[in-house]
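*Asks:* Fold the following, please.
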Amino acid sequence: MEWSLADPRFDVDDIVEMADSFFGHEADGIVTRSRAVFRHRVTVACTEQLFNKSREFIAVCRDEPKTLPMYDMNGMVMGSHSVQPLLGFCWFDRGGYTTYSNEEISNAKFHHLDLSLSVRNRVRLVNEMIDQHILWAHTWGVPIVCSTSIRSEHDGFMRIHAKRGFTVNGSYAWIRTEKGMECLTKK
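*Replies:* Coordinates of the predicted model:
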């Protein structure tokens, strides 16, 4: 498993496919989903990240490269190509505030994973996403990290945050960035 910053040339379609196919149905009946709109927003954010890493953070985790056969029209193997399946991605931004404080908050927009992965690998990836969120917020001086979920099944996700020292209220988990950094060093 390997993490890298999302590249607008190579990662956008896989991000859109994962988000829509695994999680999109959870918004059905509430909002009208559009892959084109999502693709546009992911592409813009990934491009912005190339020039201004302090504004938004989008990272992808890919599996080790796999070599797959390529077939001709008759089903005969004519070569091979390498693929690196997307295992998950995370997307954080900054500029959030509560109505009762002037302290900036970094909000997690997405922690998405391939739900066919083992529970052990999903927990590992979520922890790695949390690490990245804390480190990114720390690097850019954002004092609070917040992670939320709109999923109906969010208890496990929130338990991971609670074990990491986050204060969890319903589907919201938040922590002061400096406390999160302390928890990173204790791992």
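
*Asks:* the strands in this structure, which residues?
*Replies:* Shown for the chain, the strands assigned by DSSP state E span residues 2-5, 56-62, 66-71, 77-83, 86-96, 105-113, 144-148, 167-169, 172-176.

*Asks:* Within the sheet, what are the partner strands of the last one, with directions?
*Replies:* Think strand 172-176. Partners of strand 172-176 in the sheet, by DSSP bridges, are strand 144-148 (antiparallel), strand 167-169 (antiparallel).

*Asks:* For Cys61, which of those strands is the nearest?
*Replies:* Counting by Cβ to Cβ, Cys61 lies closest to strand 144-148 out of the strands paired with strand 172-176; the figure is 16.8 Å. From N, CA and C alone the C-beta is placed, and that goes for glycine too.

*Asks:* what's the offset of the closest one from the middle of its chain?
*Replies:* Averaged C-alpha coordinates place strand 144-148 at 13 Å from its chain's average position (Cα atoms, centre = their mean, to the nearest Å).

*Asks:* just the strands paired with strand 172-176: most buried one?
*Replies:* Most buried of the strands paired with strand 172-176, by mean neighbour count (mean count of other Cβ atoms under 10 Å): strand 144-148, with a mean of 22.

*Asks:* Let me know the pLDDT of Asp72.
*Replies:* pLDDT for Asp72: 75.
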